[in-house]
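Show me how the following folds:
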Amino acid sequence: MVQSASLISRKRDLIYFIFFAIHLPIIFLVDTVPLLPSLLQTNLSHHIRSYYIATYHDKFFSEPAPAWFSTYIAMELVYHAPLSLWALGALLRDDPLVPMHLLVFGVQSFVTSSACLAEVWGWDDRTVAQKQDLTMLYAPYVMLGAFMALDMLFRLRGKLLGTKSKSE
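The predicted structure follows:
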C-alpha cells in the first residue's frame with residue numbers, strides 16, 4: 001500500500017479541509033436553523049442567525065425566501081452537511097474518491113452561490129454597501145467552488161488519462 005502525503009504537504013487539500021471545518025458549523029448554526037427540529041436548535045444558533053440578519057440585511061434569511069433558495073438550504077442539510085463531514089476524514093486520509101465528490105460539490109457551490117449573488121445585486125431595497133457586504137460573504141463560495149471544481153476536474157482527467165497533475 002502506498003503511503004499518501006501528509007495533509008500539510010497537500011496545500012490545496014489543506015485549504016479544502018479548513019473550508020469544510022468552517023462550513024460544517026455554519027450549516028447548523030446559521031443556514032439551516034429553521035429546518036432543524038427544535039431539539040437541535042440552540043440559543044447560540046438563534047443568536048448567531050439574528051446577528052447575521054441584523055448585520056448583513058440578507059433578505060434570504062429575514063424575509064420569506066424564494067422557493068429556489070429554500071431548496072438550496074435544504075440541499076445544505078441533506079447534501080453539504082454529510083459531504084462536509086465525509087470530506088474532513090477523506091481529505092485527511094487522501095481518499096481516492098475525493099476528486100469525484102469534491103468536483104460535484106464545487107460545481108454545486110459555484111452555481112448556487114452565483115445565483116444568490118445575481119439575486120442580491122438585483123435587489124432594489126438594499127444599498128450598494130449592503131450588497132457589497134453580502135458579496136464578501138457569498139463570493140468566497142463562488143470562487144472556492146470554481147477553483148475546487150477545476151482542481152478536481154484536472155485531478156480526475158489526470159487519473160483517467162494516466163498522467164499526474166502538478167499537485168500530485
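
Kindly list the longest helix within the protein.
helix 128-161 (DSSP state H).

Mind giving me the packing neighbours of that helix?
Packed against helix 128-161, as judged by 3 or more Cβ pairs under 8 Å, 6 or more residues apart in numbering; DSSP states H and E, are the following elements: helix 11-26, helix 43-56, helix 98-120. C-betas here are computed from N, CA, C, even on glycine.

repeat that with 10 Å
Contacts of helix 128-161 with other secondary structure elements, assessed using 3 or more Cβ pairs under 10 Å, 6 or more residues apart in numbering; DSSP states H and E, are made with helix 11-26, helix 43-56, helix 59-62, helix 98-120.

Mean neighbour count, mean pLDDT and distance to residue 73 added to these, as JSON lines?
What follows is the helices and strands packed on helix 128-161, written out as JSON lines (neighbours: other Cβ atoms under 10 Å; pLDDT from 0 to 100; distance: least, Cβ to Cβ, whole Å):
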{"stretch": "helix 11-26", "mean neighbour count": "16", "mean pLDDT": "97", "distance to residue 73": "12"}
{"stretch": "helix 43-56", "mean neighbour count": "13", "mean pLDDT": "95", "distance to residue 73": "12"}
{"stretch": "helix 59-62", "mean neighbour count": "18", "mean pLDDT": "94", "distance to residue 73": "8"}
{"stretch": "helix 98-120", "mean neighbour count": "18", "mean pLDDT": "98", "distance to residue 73": "10"}
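
Nearest to residue 77, out of these?
When the helices and strands packed on helix 128-161 are ranked by proximity to residue 77, the top entry is helix 11-26, at 11.6 Å, counting by Cβ to Cβ.

closest one to residue 161 among the helices and strands packed on helix 128-161?
When these are ranked by proximity to residue 161 (Cβ to Cβ), helix 98-120 comes first, at 13.3 Å.

what helices or strands is that closest one leaning on?
helix 11-26, helix 59-62, helix 67-75, helix 81-93, helix 128-161.

Now do the third one against helix 98-120, angle only.
Right, the one you point to is helix 67-75. 150 degrees (axes from the mean of the first three to the mean of the last three Cα atoms, to 10 degrees).

Contacts made by helix 67-75 with the rest, please.
Residues lying outside helix 67-75 but in contact with it, judged by Cβ atoms under 10 Å, 6 or more residues apart in numbering, are 27, 31-35, 59-61, 64-66, 80-81, 108, 111-113, 115-116, 119.

now do the shortest one
Contact with helix 59-62 is made by 30-31, 33-34, 49-50, 52-54, 56, 65-66, 69-70, 72-73, 116, 119-120, 123, 125-126, 130, 134, 138, as judged by Cβ under 10 Å, 6+ apart.
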